[in-house]
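**Student:** Build me a structure from this.
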Amino acid sequence: MLSVSAKKSGGKRKSERPAAVLADEAGLVLPRPFRRVARFVIALCAGKVAVPDHLGKLSFLAYCVAVGGYGIVQGGHWPVVEQAMTSTAGFAIEDVKLSGNVHTSEIDVLQSLGLDGTTSLVAINADEARRRVSELPWIQSVEVRKIYPRTIEVNVKEREAYGIWQHGSELSLIEKNGSVIAPLRDNKFASLPLFVGRDAEVAAQDVDADFDGWPEIKARIKAYVRVASRRWDVHLDNGVVVKLPEEDVGAALARLARMEGEEKLLERDILAVDLRLPDRMAVQLTPEADQRRQAAVAARTKAVKQAEQRI
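**Tutor:** Numbering: from 1, shown residues only. Model prediction:
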């Protein structure tokens, strides 16, 4: 009995031995994390593991999805696919709440956002939308908020028109710092001061501030004309031109205001008042006033001569 038992125990087949023993006899020891995998692979190849009926179809479908997804991402089509998927899921933008706009139309804002009725709120990039809206002429700053599931909120702050700049035959609206806002298209800004000439938009703020101390004269100004990028000619509502000096404009205006208060200079028949020299003021008469003055001078000269002859 003893000999028979020993024979049975020593006669175990090699294929029934553990995988770790077989790997040890072959001189190869797998790391512990891979031993279970190795046993599963061996069992799968030996047909000891039951494979689900539709595993092949599911594997093929997963492969197609992976390949298709990779192609979409690499080809740059993911934004379109994302928008289509999320719009179908109920995230298409249906309401745009716009506030703060006075001179900017809603249509311009919607076009800048790129909304076409099927745009997805999920797919839209708020930073990119903010950048596109800020490129509109009147926009100074803009805030874009996404309110799920179907609303986008746009709050804009517009630039403030300070004056009208005429350069050549074109008219443009400008800010106080001289930045051009947009071309002048209508007459609703006709009350703004007009600045004419090269570099006039840059120096507009300074010359306008020079007249702040003389509101009576400033109210009569129709246009500021820049001369040689150095000084200004000011055109009044009655056609009189006031020629300002390059420097010390305040002192020149003080002299003009004094003459206006004492002599009503600007109401007389004159064409221009020249204030460019600090020690004198030159006045150019209208042709009619000049003729009357010459006639008066001639009559006075004649009267003087007649008086001399009598003596």
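**Student:** which secondary structure element contains Glu128?
**Tutor:** If you go by DSSP states H and E, Glu128 is part of helix 126-134.
**Student:** Please name every helix or strand in contact with that helix.
**Tutor:** With contacts taken as 3 or more C-beta pairs under 8 Å, 6 or more residues apart in numbering; DSSP states H and E, helix 126-134 sits against helix 106-113, strand 139-147, strand 151-158. Yep, even glycine has a C-beta here, placed from its N, CA and C like the rest.
**Student:** Could you work out which of the ones you listed reaches nearest to Glu260?
**Tutor:** Closest of those to Glu260 is strand 151-158, at 38.3 Å (criterion: C-beta to C-beta).
**Student:** partners of that closest one, with directions?
**Tutor:** Sheet pairing of strand 151-158 (DSSP bridges) gives strand 95-99 (parallel), strand 139-147 (antiparallel).
**Student:** In the chain, what residue spans correspond to helices?
**Tutor:** With DSSP state H as the criterion, the chain has helices at 2-10, 19-25, 32-45, 55-74, 78-86, 106-113, 126-134, 200-210, 215-218, 249-263, 287-310.
**Student:** if I look at Gln111, how far off is Ser105?
**Tutor:** Taking C-beta to C-beta, to the nearest Å as the measure, Gln111 falls 9 Å from Ser105.
**Student:** Phe40 now?
**Tutor:** 67 Å.
**Student:** Extract the residue ranges of the stretch 101-250 of the chain that are flagged as low pLDDT.
**Tutor:** For the stretch 101-250 of the chain, applying pLDDT under 70 flags the ranges 117.
**Student:** redo that, cut-off 80
**Tutor:** Along the stretch 101-250 of the chain, segments meeting pLDDT under 80 span 115-123.
**Student:** about what we covered before: next one: the helix holding Glu128 to chain centre, how far?
**Tutor:** Distance, stretch centre to chain centre, for helix 126-134: 9 Å (C-alpha atoms, centre = their mean, to the nearest Å).
**Student:** which residues sit against that helix?
**Tutor:** Defining contact as C-beta atoms under 8 Å, 6 or more residues apart in numbering, one finds that helix 126-134 is touched by 109, 112-114, 139, 141-146, 152, 154, 156.
**Student:** Need the buried ones from the residues you listed selected in ChimeraX.
**Tutor:** Remark: buried members of those, expressed as a ChimeraX selection using 16 or more other C-beta atoms under 10 Å:
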select :109,112,113,139,142,144,146,152,154,156
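**Student:** List just the nearest of the contacts of helix 126-134 to Arg310.
**Tutor:** Ile139 (82.5 Å).
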